[in-house]
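J.: requesting a structural model of the entry that follows:
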Amino acid sequence: DWSSGRVLFRSSSSVISPSTKSIIKSFTTSYPSVKHVTFDAVSYSALRYANNVTWAKNEIASYNFEKANVIVGIACDFLGNWLNPIEFAAQYGMTRKVSKENPVMSKHYHFESNLSLTGANADERFPVKPSEFGKIAVSLFNEVAALTGNKPGAEVSVASAAAVKKIAKQLVDNKGKSLVVCGINENNIQVIVSGINRMLENYGKTLDVDTPLYLKQGDDKEVINFTKELRDGKIAGVIFYNCNPAYTLPASLGGGEKFSASLKNLFTVSFAQVYDETAQACKYVCPDHNYLESWGDAHPKLGHYTLQQPAITPLFGIKRLMDAGRGTRQAQDSLLKWSGVKSDYYSYLNSYWKRNLYTRQGKYQDFWSFWSNALHDGVLKLNKTRVASVEDIPTDSTVTDVNIVPLAVQFDSLGNEIVPQAAVS
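T.: Predicted structure coming up:
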């Protein structure tokens, strides 16, 4: 009984699929006691906190390394594993190649404790103790504040004071064409770094708060409250989607063993593809399909959308093992079924794009042309208008209002072949 007590649907890696978010919304609407809590194994919550303090926007800004003449990194491996390294590496490379069109190469300073891919590519690298990162940020803030006529913060002493002073001068000389990034998930440090970029007038140029990244949406405060309520017995059950907190939960929040023990007498469901530590602590395991077997979409950045289609038919799909009463289905299909929506995920995804994205473009006059081209290209770029509210899909969408014309043979998310339907005028 979902309505008795409080059940939390918990997701680890942030859900960037707009159609999946819509399904979660339908699920929480059907069961008001359910709350969705996002937990990122590697948290970037402090970035969102800092932007909220600076700009009243609880989001992560986009970074434009290709527009920066001077780059400063503090414990931030943005070429290796920080936030969005594939995009950052491509941007960074544009400023590191001298050509006739680009005669000036960017200058890159890096502070870190262990050698990283980014540090190895820096022009000047400064080994720093982990305990000194906060002081480096404050020292740089003070130097930039002094050069820009702003009020400095608390005075600190750092071993690399001369280097910080030189770097601050170069940053100020490149106002609007510089960038300071920090990989430490600590609210105060990120607020300081945000303040440095603001004094350097980087926002709107090398930093874009109007085009936020949605790759990381976790909120540390929500996760802390969740673990506390779990220990206090205020939660009736948990559904785990794409997460393994029994393995990744930090020791400061009790660690994995205590977390697993707190689930012992609760209603628990895991969508894990493998029998991981969290799945072993759950009463029910409903294996999600592998990404190679799955339909899906993504909204990684405002105005940017992608489509995902399966490369193979689900190996252990319900249809293949129906006679045995066993089989897997995509997590979205389970949530749709539990929400009372009579639709498989493929049809839901198709309808979602028709209702929420097709109407925001003017290139294609019919939905099929729009859908087939988006599916062919894999990506879709629309204007950066935010969708005020997601239009709900009808509860009974057994008969879709979309004219589905398969490019070849297509399968729904359960592995069933899709039969083309007649167009609905």
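J.: what's the longest helix anywhere in the chain packed up against?
T.: Ranked by residue count under DSSP state H, the longest helix found in the chain is helix 133-148. Helix 133-148 sits against strand 70-74, helix 161-173, strand 178-182, helix 187-199, with contacts defined as 3 or more CB pairs under 8 Å, 6 or more residues apart in numbering; DSSP states H and E. The way it works is simple: take the backbone N, C-alpha and C, and place the C-beta from them, glycine included.
J.: ok and that helix relative to helix 161-173, angle-wise?
T.: 50 degrees (axes from the mean of the first three to the mean of the last three CA atoms, to 10 degrees).
J.: what's the angle from helix 133-148 to helix 187-199?
T.: Note on geometry: by the same axes, to 10 degrees, helix 133-148 and helix 187-199 are set 20 degrees apart in direction.
J.: so what touches helix 133-148?
T.: Applying CB atoms under 8 Å, 6 or more residues apart in numbering, the contact partners of helix 133-148 are 72, 74-75, 111, 128, 150-158, 160-161, 164-165, 167-169, 171-172, 180, 182, 184, 186, 188-189, 192-193, 195-196, 199-200.
J.: for PyMOL, what selects the buried ones among those residues?
T.: In PyMOL, a selection of the buried entries from these looks like this (16 or more other CB atoms under 10 Å):
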select buried, resi 72+74+75+111+128+156+158+160+164+167+168+171+172+180+182+184+186+189+192+193+195+196+199+200
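J.: ok, and the closest non-adjacent residue to K384?
T.: Closest residue to K384 apart from its sequence neighbours, by CB to CB, 6 or more residues apart in numbering: G303 at 4.1 Å.
J.: is it true that that neighbour touches L213?
T.: No. Using CB atoms under 8 Å, G303 is not in contact with L213, being 11.5 Å away.
J.: more neighbours: these two, which one.
T.: L213 (24 against 14; other CB atoms under 10 Å).
J.: wait, a strand at K97?
T.: No. Counting by DSSP: H, G, I helix; E, B strand; the rest coil, K97 falls outside a strand, being coil.
J.: tell me, how many residues neighbour it?
T.: So K97, with other CB under 10 Å, has 10 neighbours.
J.: and it, what's its pLDDT?
T.: On pLDDT, K97 comes in at 88.
J.: how near is it to A90?
T.: Going from K97 to A90 by CB to CB, to the nearest Å gives 12 Å.
J.: what touches both of these two?
T.: By CB under 8 Å, 6+ apart, no residue touches both K97 and A90.
J.: quick one on the thing from earlier: to S270, which of the helices and strands packed on helix 133-148 lies closest?
T.: Across these, S270 has its closest neighbour in helix 187-199 (31.1 Å, CB to CB).
J.: only alpha carbons, please: show the closest one as CSV.
T.: Below are the C-alpha coordinates for helix 187-199, written out as CSV (Å, rounded to 0.1, in the frame of the first residue of the first chain):
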residue,chain,number,x,y,z
ASN,A,187,29.6,25.6,0.1
ASN,A,188,31.8,28.3,1.5
ILE,A,189,34.7,27.7,-0.9
GLN,A,190,32.4,27.6,-3.9
VAL,A,191,30.8,30.9,-2.8
ILE,A,192,34.3,32.4,-2.7
VAL,A,193,35.1,31.1,-6.2
SER,A,194,31.8,32.4,-7.5
GLY,A,195,32.7,35.8,-6.0
ILE,A,196,36.0,35.8,-7.8
ASN,A,197,34.4,35.2,-11.1
ARG,A,198,31.8,37.9,-10.4
MET,A,199,34.5,40.5,-9.7
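J.: which elements pack onto it?
T.: Contact here means 3+ CB pairs under 8 Å, 6+ apart; on that basis helix 187-199 packs against helix 45-55, helix 133-148, strand 178-182.
J.: deepest-packed of these, please.
T.: By mean neighbour count, with neighbours taken as mean count of other CB atoms under 10 Å, strand 178-182 ranks first of these at a mean of 27.
J.: what mean pLDDT does it have?
T.: Average pLDDT, strand 178-182: 98.
J.: got the contact list for it?
T.: Here strand 178-182 makes contact (CB under 8 Å, 6+ apart) with 63-65, 67-76, 78, 82, 133, 137, 140, 170-171, 189-190, 193, 196-197, 200, 202, 206-207.
J.: so how far is that strand from its chain's centroid?
T.: Relative to its chain's centre, strand 178-182 lies at 20 Å (CA atoms, centre = their mean, to the nearest Å).
J.: note down every partner strand of it and its orientation.
T.: strand 70-74 (parallel) (DSSP bridges).
J.: so what pLDDT did H108 get?
T.: H108 carries a pLDDT score of 98 in this model.
J.: strand partners of whichever strand or helix holds it, parallel vs antiparallel please.
T.: Assigning secondary structure by DSSP states H and E places H108 in strand 107-112. Sheet partners assigned to strand 107-112 using DSSP bridges are listed as strand 70-74 (parallel), strand 124-127 (parallel).
J.: how near is V223 to G237?
T.: Distance, V223 to G237, by CB to CB: 17 Å.
J.: N225 in helix, strand or coil?
T.: The assignment at N225 comes out as helix when based on three-state DSSP.
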